[in-house]
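Kindly return the folded structure for what I paste below:
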Amino acid sequence: MKLTWVFKPFDALTPGELYAALKLRQEIFVVEQHCPYQDADGKDKYSHHLIGFDTAGTIACCARIVNPGISYDEVSIGRVATAQAYRGKGIGKLLLAETLDRIEKLYGKVPIRIGAQGYLVKFYGSFGFQITDPAGYFEDGILHYIMLRD
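Predicted structure coming up:
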């Protein structure tokens, strides 16, 4: 599937781009996963945002790259979301590969730390992330693991 990528720091996003990303994040993390939480956590303004749109201009996926020192000492990835209509089509893999490529262009080859939902550990592991906290932790009622890609 062909996607058009928008990649910008927070202040450069258009209102339409920001709205599309926030709407998708709420659809996935708040509504679908039944997690009422504060999505606007103050980290977006310290992040670059990657948004994938299909040929019709509909958002398919998004992720944010959080600057080092905000979530962790290392650069991190968060709010990774794929719209339900695009799941099972390899969009998640495209999104993560594009995210990692953008990180390398921004920061070079640097370690990346994430907090991954438990069911996605194998997915992130396929991109070289390894669990650093085998006990895991619960966030918004969902098991997460800290993972690092050196």
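
rest of the way, CA atoms for contacts and neighbours
Will do.

could you list every residue that touches the closest residue to residue 144 other than its chain neighbours?
Spatial nearest neighbour of residue 144, excluding adjacent residues (C-alpha to C-alpha, 6 or more residues apart in numbering): residue 117 at 4.3 Å. If a contact means C-alpha atoms under 8 Å, 6 or more residues apart in numbering, then residue 117 has 142, 143, 144, 145 as its contacts.

Turn those into a markdown table, columns for neighbour count, secondary structure and distance to residue 56.
Formatted as a markdown table, these follow (neighbours: other C-alpha atoms under 10 Å; DSSP: H, G, I helix; E, B strand; the rest coil; distance: C-alpha to C-alpha, whole Å):
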| residue | neighbour count | secondary structure | distance to residue 56 |
| --- | --- | --- | --- |
| 142 | 13 | strand | 34 |
| 143 | 15 | strand | 35 |
| 144 | 22 | strand | 34 |
| 145 | 23 | strand | 36 |
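
Return the item of these having minimum pLDDT.
The member of the contacts of residue 117 with the lowest pLDDT is residue 142, and it reads 84.

Give the buried residues for the lowest-mean-pLDDT helix or strand in the chain.
Counting by mean pLDDT, DSSP states H and E, the chain has its least confident helix or strand at strand 137-139, which shows a mean of 89. Neighbour-count burial for strand 137-139, counted by 16 or more other C-alpha atoms under 10 Å, picks out residue 137.

quick one: the strands in the chain?
For the chain, applying DSSP state E gives strands covering 4-9, 47-53, 59-66, 75-82, 112-117, 130-131, 137-139, 142-149.

if we can go back for a sec, distance to residue 2 added to the contacts of residue 117, as a markdown table?
As requested, those are exported to a markdown table (distance: C-alpha to C-alpha, whole Å):
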| residue | distance to residue 2 |
| --- | --- |
| 142 | 32 |
| 143 | 33 |
| 144 | 31 |
| 145 | 31 |
